[in-house]
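**Q** 3D, please:
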Amino acid sequence: MKTPVHAARSIELWLLLLANMVGASSALLIKASTIHPILQASYRQLFAGILLLPLFFRELKRSGLRFSPRLILPSVLPGLTLGLHFIAWIFGARMTLAGNATVITTMVPVAMPFLVYFMTKELPRGAEVAGTILAMAGIVILGIFDFRLEPAHFGGDIVCFVSMLFYAAYLALARRFAPKEGILLYLVPLYLIGGTFDLLLSLPFANPIRGITATDLVMTLGLALGPTIVGHSLMNRAMTRLSPQTVSLFNLTQFLVAAVLAYFLFGEMPTLAFGVASLLIVIGVAIPVLARSPA
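**A** Residues are numbered from 1 along each chain as shown. A predicted model of the protein is given here:
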């Protein structure tokens with residue numbers, strides 16, 4: 001019989017899986033739009049922050065806190081980091097091959113332990129190390145068959161790698177600054193800060209209004225509602241309640257879900273290497289989960 005602690009952890013794991021399943025739609029929504037990358041990075045965050053504002057003020061009232069610069073201070077650095085991640089990810093994904101982008105962005109579990117240790121002095125547990133090694137073996141297999149080092153795409157590969165580092169750092173900052181309770185008081189300023197930062201960066205390159213189509217608005221709103229409000233919000237919540245390395249390992253499930261969507265939507269058949277890599281990743285994710293489950 002599950003104890004309340006185990007039951008709560010199970011709920012958090014299911015929510016984390018939901019976050020990654022929803023987040024897997026991000027690439028599809030980005031590819032379906034033509035809006036300038038920096039503007040799209042800005043608007044997806046601003047839309048998310050604005051839509052969540054009523055819940056922010058409700059949480060502020062419930063907590064008995066007063067709105068002040070000090071309240072939003074913990075969200076500033078994570079917001080700027082997220083804004084940079086979104087810009088780098090959209091640019092990088094358009095500059096390199098899809099296989100290269102996939103392999104590079106799945107390297108988060110390698111970077112996460114170093115970033116978390118630097119910020120909080122936490123180290124991954126034995127089962128998490130074992131799971132990470134197995135999952136990354138799957139990524140190596142995927143890389144051998146899908147990654148192609150070509151001069152024409154090298155710049156895009158570097159940008160994707162920088163994007164991955166920004167993403168890992170942004171999640172590690174949640175471990176450092178996000179509260180376990182009242183997380184909307186952290187997230188809403190984070191989205192608004194990141195979105196405003198990206199909007200300012202976009203001004204020399206794109207008109208914030210002109211040339212945006214109805215499709216662009218629908219796709220960007222979809223990014224705000226799904227991958228951002230659901231995906232990123234639940235990922236940040238998980239960073240306060242679960243082990244950071246477990247959260248980063250679950251992030252690997254995103255490209256598995258994306259492959260399933262690509263199969264049904266575009267008829268893209270996964271390769272044998274992808275199947276082997278997927279099996280290793282699933283087992284790697286399961287090891288730390290089962291190691292801490294009730295007997």
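**Q** give the contact list for the residue most central in space within the chain.
**A** With distances taken as CA atoms, centre = their mean, the residue of the chain nearest its centroid is residue 232 (5.8 Å). Contacts for residue 232 (CB atoms under 8 Å, 6 or more residues apart in numbering) come out as 19, 23, 48, 82, 187. C-beta here means a position set from N, CA and C on the backbone, and glycine is covered the same way.
**Q** out of the residues you listed, who's the most crowded?
**A** residue 82 (30 neighbours; other CB atoms under 10 Å).
**Q** for it, phi and psi?
**A** Here is the backbone geometry of residue 82 (degrees, to the nearest 10): phi -60, psi -40.
**Q** gap between it and residue 124?
**A** For residue 82, the distance to residue 124 equals 23 Å [CB to CB, to the nearest Å].
**Q** quick one: which of the contacts of residue 232 sit in helices?
**A** Of the positions in the contacts of residue 232, 19, 23, 48, 82, 187 sit in helices, assigned by DSSP state H.
**Q** which one of the contacts of residue 232 is nearest residue 103?
**A** Residue 103 lies nearest to residue 23 out of the contacts of residue 232, by CB to CB, at 17.4 Å.
**Q** which residue is the nearest non-sequential neighbour of that closest one?
**A** Nearest in space to residue 23, with sequence neighbours left out and distances taken as CB to CB, 6 or more residues apart in numbering, is residue 231 at 3.5 Å.
**Q** ok, residue 197 next?
**A** residue 83 (4.4 Å).
**Q** ditto for residue 168
**A** Leaving aside its sequence neighbours, residue 168 sits nearest to residue 111 (CB to CB, 6+ apart; 4.2 Å).
**Q** contacts for the strand or helix carrying that neighbour?
**A** Element membership for residue 111 (DSSP states H and E) is helix 108-120. When contacts are defined by CB under 8 Å, 6+ apart, helix 108-120 is touched by residues 122-124, 132, 135-136, 164-165, 167-169, 171-173, 175-176, 244-245, 247-249, 251-252.
**Q** right, I'll leave it there.
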